[in-house]
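Engineer: pasting the sequence and the predicted coordinates here, then a few questions.
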Amino acid sequence: MWIKIKEREVAGVKLKIFEPPRFFEAFLRGRNFAEAPDITARICGICPIAYQMSAVHAMEDACGVRVDGPLRSLRRLIYCGEWIESHTLHIYMLHAPDFLGYESAIHLAKDFRDVVQRGLQLKKVGNDIVSLLGGREIHPINVRVGGFYKAPTKADLLPLTERLNWARDAALETVRWVAKFPFPDFEQDYEFVALSHPDEYPFNEGRIVSSKLLDIAVREYDEHFLEEQVPYSNALHSVIKTRGAYFVGPMARYNLNFDKLAPMAQEAARAAGLGPECRNPFKSIIVRAVEVLHACVEALRIIDAYEPPERSALDVHPRLATGYGCTEAPRGILYHRYHIDEQGLILDAKIVPPTSQNQKTIENDLWKFVPKYIDLPLDRLTWQCEQAIRNYDPCISCATHFLKLKIERQ
Amino acid sequence: MEAKPKPKLAVWKFASCDGCQLTLLDCENDLLAIAGKMEIANFAEASRAVVKGPYDLSLVEGSITTPHDEERIHRIRRASKHLVTIGACATSGGIQALRNFKDVKEFTRIVYATPTYIETLNKSTPIADHVFVDFELRGCPINKQQLVEVISAFLNDRKPNTPLHSVCLECKLRGTVCVMVAHGTPCLGPVTHAGCGAICPAYNRGCYGCYGPKETPNTTSLAEWFNGSLGVSEPDLVRSFRGFNAYADAFLKESEAHE
């Protein structure tokens, strides 16, 4: 990260991402549409389910198929698993140490072993859900266009219930724990963007809405959002046309869908000092904990109501078409668009991850945040900036713990 | 008497999805024990603390795709007593090695509006193409029990026990009916390196080769079965061998033979 300071005022901020490009959108051309979930999963080791979900929904959209019933519920369940795993990883291992003045969870564990163990075990419950339903925790193998290769029986799922009961309590403890962290006073006027669904806290379906009155179908995404390339970063920047930076992720979902959270999660949020709206990005860690709690409650509900489907997947026949998918990855909306031909070969792919949609907002935050800490020694200032960036839980590929701060003073 | 200093562990990332590094953090039951036996000296995903090298054990994830990384791997090798590559990106170039079959300049133009801002190499190559590697742990992602085995072996000064046989043996050990013989489902198991525990056939699908080619694989014969008896078209056959280990020698040669 590069910050220019001119006479003690911030004159420029650039978040320079040098993650080497792998060119997924290019090499997906010519692949079979059925390969999309497996290939796109490899974009991210922490949120492969998000990629698989956005991919299968986009392909099903192209082919005119809608997955409903138990298969739809299973998809929500596996997403619960990923939210639990990803958010808990972030809370305990990536962000809590910052708030408490430790350099890592390992350092934190020296003083608070039980707390860190709780985090690891809670993360494990999320991983176990993904592992059971998906075959393994990272790059699951059971998700396919149309459903799954193999659907679980009720008996397969029931052993998760006891673990989830424990997890729900551990999640509540987590909300209470993070609520006590010291939070800088830092509120901004963001445009929050998330999915919204009439009946549920959003995972896989819904319209794309914002706190500044955007309300569009997923297939209208390209008409309202633009990806721009900047010379100093390999990650593309996203903007809302005519308006600029926006904010995706747990806080956006929370602000736009609070009333759809499980009652227990709403209660925990209020007890933690949050209202139905939160504009302080440092408090994202509380919101993530609330979402973990919600995911535990939702997973229990799904397992309880589950009846195995007749078939593990619907037949999906390719046709010349464009398909759109947008699902709520742990870090925010993840948009996929594919053009496919009659043989099911991919002609064109567009994938917009949540973290690149937050890039501009991260930079804007730093611009506003740095002045307060401008006189700190370099290593302290670096840590403060890292903590501010970690509010967005940037996908690890953007190097969460690796920040070189270059300050240019004039 | 002073305690011996703990060996230093470093974890490095190149072009990758981070899944193999995450596997270490996913060793929930073992992570704190490992941290008790080794000093986690440099692990950007997990800690902002950086302890200077040299390192006793370096785990390297990701492939080489930029001039900067081409140079960085040499520095890491010089600073590491043992260097172990983890995952398909590091051991074979990964899925991003698909650029090796095409023109990377065209790829850059497809993804980036201003390609001149992007610095990248023509090929995605495994770490062993650049520096000597002490041990390769296969997988996409690697298996966490195998990762613990590698770290354990290193701490106890012995060779890791990671079988080289095919996935077929893992299916038999698991009691899974052969999906190819019983259901006519194409499966790369017979030519794929063990390590995953044969997950895919247990979920009613064929292996797609995450762990790369086993030693002396008979890909020619398997390709004949796919093409001749299982109705796999030539283009689908090419795609079967052009996955996460597309650039591994045996898979590379087989896919080229059918283009």
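Structural biologist: Perfect, thanks for sending it.
Engineer: for residue A:59, give me its contacts.
Structural biologist: Residues in contact with residue A:59 (Cβ atoms under 8 Å, 6 or more residues apart in numbering or on different chains) are A:33, A:34, A:36, A:145, A:316, A:323, A:325, A:338, A:340. (C-beta placed from N, C-alpha, C; glycine too.)
Engineer: could you tell me which of the residues you listed are located in helices?
Structural biologist: Counted as lying in helices by DSSP state H, out of these, are residue A:36.
Engineer: and the contacts of residue A:59, which are buried?
Structural biologist: Buried subset of the contacts of residue A:59 (neighbour count, 16 or more other Cβ atoms under 10 Å in any protein chain shown): A:33, A:36, A:145, A:316, A:323, A:325, A:338, A:340.
Engineer: pLDDT score for the second one?
Structural biologist: On the pLDDT scale, residue A:36 is placed at 98.
Engineer: now do the last one
Structural biologist: Here, the pLDDT recorded for residue A:340 equals 98.
Engineer: so it makes contact with residue A:34?
Structural biologist: No - counting by Cβ atoms under 8 Å, residue A:340 stays clear of residue A:34, with 10.4 Å between them.
Engineer: measure residue B:134 to chain A for me?
Structural biologist: 23 Å (Cβ to the nearest Cβ, to the nearest Å).
Engineer: and that residue, its phi and psi?
Structural biologist: When read as degrees, to the nearest 10, the backbone of residue B:134 gives phi -80, psi -30.
Engineer: that one: neighbouring residues, count only.
Structural biologist: Using other Cβ atoms under 10 Å in any protein chain shown, residue B:134 has 14 other residues around it.
Engineer: contact partners for the nearest residue to residue A:179 once chain neighbours are set aside?
Structural biologist: Spatial nearest neighbour of residue A:179, chain neighbours left out: residue A:272 (3.6 Å); criterion: Cβ to Cβ, 6 or more residues apart in numbering or on different chains. Contacts for residue A:272 (Cβ under 8 Å, 6+ apart) come out as A:175, A:176, A:178, A:179, A:286, A:289, A:290.
Engineer: ok, back up a step: filter the contacts of residue A:59 down to the ones in strands?
Structural biologist: Among those, the ones falling in strands (DSSP state E) are A:323, A:325, A:338, A:340.
Engineer: now do the contacts for the last one.
Structural biologist: Spelled out, it's residue A:340. Residue A:340 makes contact with A:33, A:59, A:62, A:318, A:319, A:320, A:321, A:322, A:323, A:346, A:347, according to Cβ under 8 Å, 6+ apart.
Engineer: and residue A:337, by the same measure?
Structural biologist: A:58, A:221, A:222, A:322, A:323, A:324, A:325, A:349, A:350, A:351.
Engineer: same question, residue B:56
Structural biologist: Applying Cβ under 8 Å, 6+ apart to residue B:56 gives the contacts B:7, B:8, B:9, B:38, B:80, B:81, B:82, B:154.
Engineer: nearest to residue A:240 among those?
Structural biologist: Relative to residue A:240, the closest of those is residue B:9; by Cβ to Cβ it sits at 43.8 Å.
Engineer: backbone dihedrals for the closest one, please?
Structural biologist: With angles defined as degrees, to the nearest 10, residue B:9 sits at phi -110, psi 130.
Engineer: skipping adjacent residues, who's closest to it in space?
Structural biologist: Leaving aside its sequence neighbours, residue B:9 sits nearest to residue B:38 (Cβ to Cβ, 6+ apart; 4.4 Å).
Engineer: what about that neighbour, neighbour count?
Structural biologist: Residues lying near residue B:38 (other Cβ under 10 Å) number 18.
Engineer: wait, doesn't residue A:285 sit right on residue A:181?
Structural biologist: Yes - using Cβ under 8 Å, residue A:285 is in contact with residue A:181, at 7.0 Å.
Engineer: which neighbours do these two have in common?
Structural biologist: With Cβ under 8 Å, 6+ apart, residue A:285 and residue A:181 have common neighbours A:96, A:99.
Engineer: looking at these two, which is more packed in?
Structural biologist: Set residue A:285 next to residue A:181 and count neighbours by other Cβ under 10 Å: residue A:285 wins out with 28 against 15.
Engineer: pLDDT at the more buried one, what is it?
Structural biologist: Residue-level confidence at residue A:285 comes out at 97, pLDDT.
Engineer: what distance do you get for it to chain B?
Structural biologist: For residue A:285, the distance to chain B (Cβ to the nearest Cβ) stands at 17 Å.
Engineer: that residue is in what secondary structure piece?
Structural biologist: Assessed by DSSP states H and E, residue A:285 sits inside helix A:284-305.
Engineer: that helix packs against which elements?
Structural biologist: If contacts are counted by 3 or more Cβ pairs under 8 Å, 6 or more residues apart in numbering or on different chains; DSSP states H and E, helix A:284-305 sits against helix A:69-88, helix A:113-134, helix A:159-179, helix A:250-257, helix A:263-271.
Engineer: next, the buried residues of that helix.
Structural biologist: In helix A:284-305, counting by 16+ other Cβ under 10 Å, buried: A:284-300, A:302-303.
Engineer: which residues does residue A:131 contact?
Structural biologist: Going by Cβ under 8 Å, 6+ apart, residue A:131 touches A:137, A:140.
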